[in-house]
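# Based on what follows, work out the 3D shape:
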Amino acid sequence: MDLVELWAIFGPGVSGAIFGAGWWFWIDAVVCSSVKVSFLHYLPGIFASLAALMFNCVRKEDIDYSPYEEGEWRYLIYVGLQA
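Below is the predicted model of the structure:
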């Protein structure tokens, strides 16, 4: 197996684990901190989570352009980029 095939297999799992670990460390820091964290500091993580959810709503096969297919995936990408 070459590196491209390995990345296609393990890449999504590794990136999801890193994303989850980031949230884990953030929540742990907020809980253990003696300083009150304002809601504004939560917004980047919330927006990143919503963006990850929107990106996962579109299948990889749907991104290939074909003029004869319906384009509902375009709407999902548009809404995801507007968030």
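
# helix or strand for the spatially most central residue of the chain, which one?
Residue closest to the average C-alpha location in the chain (CA atoms, centre = their mean): residue 52, at 1.9 Å. Assigned by DSSP states H and E, residue 52 belongs to helix 43-56.

# Which positions in the helix or strand where residue 14 lies come out as buried?
Residue 14 is part of helix 3-32 when elements are defined by DSSP H and E. Under the neighbour-count criterion of 16 or more other CB atoms under 10 Å, helix 3-32 has nothing buried. The way it works is simple: take the backbone N, C-alpha and C, and place the C-beta from them, glycine included.

# For the remainder of this discussion, apply numbering that starts at 664.
From this message on, residue numbering opens at 664, which makes the last subject helix 666-695.

# Could you list the low-confidence segments of the protein?
For the chain, the stretches with pLDDT under 70 are 723-739, 746.

# Where does the residue with the largest distance to the centre of it sit: helix, strand or coil?
Ranked by distance from the centre of the chain (CA atoms, centre = their mean), the top residue is residue 697, with 29.8 Å. Three-state assignment for residue 697 (DSSP: H, G, I helix; E, B strand; the rest coil): coil.

# And it, how far from residue 687?
20 Å (CB to CB, to the nearest Å).

# before we move on, what about residue 672?
Taking CB to CB, one finds residue 672 at 24 Å from residue 687.

# got the phi/psi numbers for residue 720?
Backbone torsions for residue 720, taken as degrees, to the nearest 10, come to phi -80, psi -20.

# and it, how many neighbours does it have?
Residues lying near residue 720 (other CB atoms under 10 Å) number 13.

# and if you look at residue 721?
Neighbour count for residue 721, taken as other CB under 10 Å: 16.

# what helix or strand does it sit in?
Short version: residue 721 belongs to no helix or strand, going by DSSP H and E.

# ok, now how distant is the residue farthest from the centre of the chain from residue 705?
For residue 697, the distance to residue 705 equals 18 Å [CB to CB].
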